[in-house]
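Engineer: 3D model of this:
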Amino acid sequence: MYWYNPTTRADEDIPTPPNDARAIEILSGHPDSDEFIEEYRWRRKTHDIEKAMIITGEMFYRKHHPAIAP
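Structural biologist: From the prediction side, this is the model:
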């Protein structure tokens with residue numbers, strides 16, 4: 001899975017998390033993690049884990065790089 005990790009603010013190519021617990025673990029450990037996890041859980045209602053992670057990353061990429069984001 002290629003995505004923007006909001007906790008590290010870097011693009012990453014990682015294996016798709018096998019479950020929601022692991023996805024949330026990846027999104028944890030940052031002062032803004034509650035916001036990242038909330039976004040992920042909201043996206044997870046309608047998407048699989050990989051897509052929810054990618055969309056979550058895209059949302060925060062736009063916040064972190066407003067001049068670059070489309």
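Engineer: report pLDDT for P70.
Structural biologist: Listed pLDDT for P70 reads 55.
Engineer: next one: P66
Structural biologist: Residue-level confidence at P66 comes out at 76, pLDDT.
Engineer: that one and E12, how far apart?
Structural biologist: Distance, P66 to E12, by Cβ to Cβ, to the nearest Å: 21 Å. Just so you know, the C-beta spots here come from the backbone N, C-alpha and C atoms, and that holds for glycine as well.
Engineer: between those two, which one's more packed in?
Structural biologist: Using other Cβ atoms under 10 Å as the criterion, P66 and E12 rank with E12 on top: 12 against 8.
Engineer: pLDDT on the helix or strand harbouring that one, on average?
Structural biologist: Using DSSP states H and E, E12 sits in strand 10-13. Strand 10-13 shows a mean pLDDT of 96.
Engineer: which residues touch the helix or strand that it is followed by?
Structural biologist: Per DSSP H and E, the first helix or strand lying C-terminal to strand 10-13 is helix 20-27. Residues outside helix 20-27 that contact it (Cβ atoms under 8 Å, 6 or more residues apart in numbering): 5-7, 14, 17, 33, 36-37, 40, 44, 49, 52-53, 56.
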